[in-house]
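> give the three-dimensional model of this entry:
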Amino acid sequence: MRVLPAILIVTATLGVTGCAGSMESSSDFLSRSGAMIAEQGKRLAEFAGGLVNSQDDKRYQQEIDTLFAQPMIDPLTRYLETHSADTNRARQLQQVVTERDRRCGEIGRTYASRDATTANLQRMRGGYLYSCPDEVQAFAVRVKKQASRTLAQPSPLPAPEPQAAPAPAASAEPPPSLEVASADFADALNRKRNSNCYLLYTIKNYTQALEACRQPAERGDAKAQQHMGSVSLARRDYRSAKAWAERSAAQNHAAGQLLLGRLYQDGQGVKQDQRRGLELISQAADQGLAEARFSAGLAYLNGLGTSPDPARAERYLKLAAVDGHIASHLALATLHESQGEPQQARHWLRQAARKGSAEAQFLLGQSYASGSTGAVDNQEAYVWYSLAVLNGNAKAKQAIDGQQALLSDEQLSAANTRIQDGINGKWQ
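A predicted model of the protein is given here:
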């Protein structure tokens, strides 16, 4: 099992001496905050990615609205291919898939009512093969069947005509073969199969992803192979996880290297080998994969497959943090606290909290309440505990009232303004 750094533990004792009036005031404020969020179209249920991430979600939704306002299908497909691995856009990806499939369905129904001719097939293929290969293929089957029926029908015997001098042979080109586009069909269909695999994995529909990824993985797609390995690992099918991870890693796919490295670290499907695990994870980290950089940082921090090396661990963790990897921010906060650098620890907690991590918001509240990583600031503690609650962290609820009891009315008003600014992503 991998050793994770201890999450910043603070043994602060918070006063809970507020009267009934203070408790009611705190609840009232949270209710008002919820109402304000609702008025702005920011339901708490949509805060899964964090308060700051809700600003990203709004921006992503604006992109989708613009995308849907135009009538073309290919821009939807390009969006799916560009963002298929972005878990932050999972909700938008589902919307785009639904709309793309709806538009392709309309095209399919339109051509189902048209004559099954080669000319119509050429027209359909030219306009819709990239995004709607299944519908184009279905129409091509109709055209091919129609051509077969036409050839099979006996021609009526012509009436005898007087003999005439033979006319010169016409130089007309032969009709286009239905097989000419077979390579195009295969390419478009494979691209769509790959895209479906990536999307299902991204939105964590692992049951369907396992089926959708199998064909691309067997064709040799390294990303699909890694997805097959990850889903197999989630299903505790360690033998399959190892087999797919090895195939993906053999193609130098960073996520496949990371997966195989973790299997070696944990001894799942293979004999445990921490050194080999770190070697594979480092290869993935050196390709720039943030999650691999985080794992490499933990390995050097905890001495997994190597001697502990805090300096090297910090370098990897900072690289991951620059890419927005929240767990790396928390690990850096723990590292700096253990090294007696409270201000640096609080810096990394604040960075993660502002990026929307409910855990970081809770820990930052504890930091300000106890003074474990800097000066005590009850107003800031109240702000971050409140944001953590609004972001779904139940542990912060019991701490809010204790902090409120330590604030003046003026401080509480200023704190409430800060909370609303935090909800809107307006950090000072």
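
> the helices in the stretch 1-150 of the chain, which residues?
Under the criterion DSSP state H, counting those that start in this stretch, the stretch 1-150 of the chain contains helices at 20-39, 51-69, 74-83, 90-112, 118-128, 133-152.

> mind putting those into TSV with mean pLDDT, mean neighbour count and distance to Arg191?
Placement of C-beta: from N, CA and C, glycine included. Putting the helices of the stretch 1-150 of the chain into TSV (pLDDT from 0 to 100; neighbours: other C-beta atoms under 10 Å; distance: least, C-beta to C-beta, whole Å) gives the following:
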stretch	mean pLDDT	mean neighbour count	distance to Arg191
helix 20-39	40	14	40
helix 51-69	80	16	19
helix 74-83	94	17	8
helix 90-112	94	16	13
helix 118-128	93	16	14
helix 133-152	87	15	8
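
> any regions of the stretch 151-300 of the chain where pLDDT drops low?
152-181 (pLDDT under 70).

> Asn196 is nearest to which of the helices of the stretch 1-150 of the chain?
Between Asn196 and the helices of the stretch 1-150 of the chain, the shortest gap by C-beta to C-beta is with helix 90-112, which sits at 8.2 Å.

> so what touches that closest one?
Contacts of helix 90-112 with the rest of the structure, by C-beta atoms under 8 Å, 6 or more residues apart in numbering, involve 57, 60-61, 63-64, 67-68, 73, 76-77, 79-80, 83-84, 86, 120, 124, 128, 131-132, 134-135, 138-139, 199, 202-204.

> okay, now the domains of the protein?
Domain assignment for the chain by automatic domain parsing gives 8-50+324-428, 67-147+184-204, 220-313.

> please identify the most buried of the ones you listed.
domain 220-313 (a mean of 21; mean count of other C-beta atoms under 10 Å).

> torsion angles phi and psi at Lys355?
The phi and psi values for Lys355, taken as degrees, to the nearest 10, are phi -80, psi 0.

> would you agree it is in contact with Ile326?
Yes - judged on C-beta atoms under 8 Å, Lys355 makes contact with Ile326 at a distance of 6.1 Å.

> circling back to that earlier point, how about CSV for the helices of the stretch 1-150 of the chain, with distance to Ala250 added?
As requested, the helices of the stretch 1-150 of the chain are exported to CSV (distance: least, C-beta to C-beta, whole Å):
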stretch, distance to Ala250
helix 20-39, 48
helix 51-69, 35
helix 74-83, 24
helix 90-112, 29
helix 118-128, 36
helix 133-152, 29
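
> so for Ala212, which of these sits nearest?
Of all those, helix 90-112 sits nearest to Ala212, with 11.9 Å by C-beta to C-beta.

> Leu210 against Ser230, yeah?
No - under the criterion of C-beta under 8 Å, Leu210 is not in contact with Ser230, lying 10.0 Å apart.

> which residues are contacting stretch 305-320?
For stretch 305-320, the surrounding residues in contact (C-beta under 8 Å, 6+ apart) are 265, 273-279, 285, 290-291, 293-294, 296-302, 328, 331-332, 335, 339.

> so of those, which ones are in helices?
Counting by DSSP state H, the members of the contacts of stretch 305-320 that fall within helices are 265, 274-279, 285, 290-291, 293-294, 296-302, 328, 331-332, 335.

> so what does Ser131 have for phi and psi?
Given degrees, to the nearest 10, the pair of backbone angles that Ser131 has is phi -100, psi -30.

> cool, and Asn252?
For Asn252, the backbone dihedrals are phi 70, psi 30 (criterion: degrees, to the nearest 10).

> and if you look at the one 4 residues further on?
For Gly256, the backbone dihedrals are phi -70, psi -40 (criterion: degrees, to the nearest 10).

> could you give the average pLDDT over stretch 316-325?
If you average the pLDDT over stretch 316-325, you get 95.

> what comes up buried for that stretch?
Neighbour counts using 16 or more other C-beta atoms under 10 Å place Tyr316, Leu317, Leu319, Ala320, Ala321, His325 of stretch 316-325 among the buried residues.

> OK, contacts around Asn194?
Contact analysis of Asn194 by C-beta under 8 Å, 6+ apart lists Pro216, Asp221, Lys223, Ala224.

> ok, the last one touching Cys213?
Yes - under the criterion of C-beta under 8 Å, Ala224 makes contact with Cys213 at 4.5 Å.

> hey, where'd the helices end up in the stretch 301-428 of the chain?
Assigned by DSSP H, counting those that start in this stretch, the stretch 301-428 of the chain shows helices spanning 310-322, 326-338, 342-354, 358-370, 378-390, 397-404, 409-423.

> now the second one and helix 290-302, what's the angle there?
Which is helix 326-338. Helix 326-338 and helix 290-302 meet at an angle of 20 degrees, taking axes from the mean of the first three to the mean of the last three C-alpha atoms, to 10 degrees as the criterion.

> render the CA-only coordinates of helix 326-338 in PDB, please.
Backbone C-alpha positions of helix 326-338 (Å, rounded to 0.1, in the frame of the first residue of the first chain) are rendered in PDB as follows:
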ATOM      1  CA  ILE A 326      -4.600  19.900  -5.400                       C
ATOM      2  CA  ALA A 327      -3.200  16.900  -3.500                       C
ATOM      3  CA  SER A 328       0.300  18.200  -4.200                       C
ATOM      4  CA  HIS A 329      -0.600  21.600  -2.500                       C
ATOM      5  CA  LEU A 330      -1.700  19.700   0.600                       C
ATOM      6  CA  ALA A 331       1.500  17.500   0.500                       C
ATOM      7  CA  LEU A 332       3.600  20.600   0.300                       C
ATOM      8  CA  ALA A 333       1.800  22.200   3.200                       C
ATOM      9  CA  THR A 334       2.500  19.000   5.300                       C
ATOM     10  CA  LEU A 335       6.200  19.000   4.200                       C
ATOM     11  CA  HIS A 336       6.800  22.600   5.100                       C
ATOM     12  CA  GLU A 337       5.100  22.200   8.500                       C
ATOM     13  CA  SER A 338       7.300  19.200   9.300                       C
END
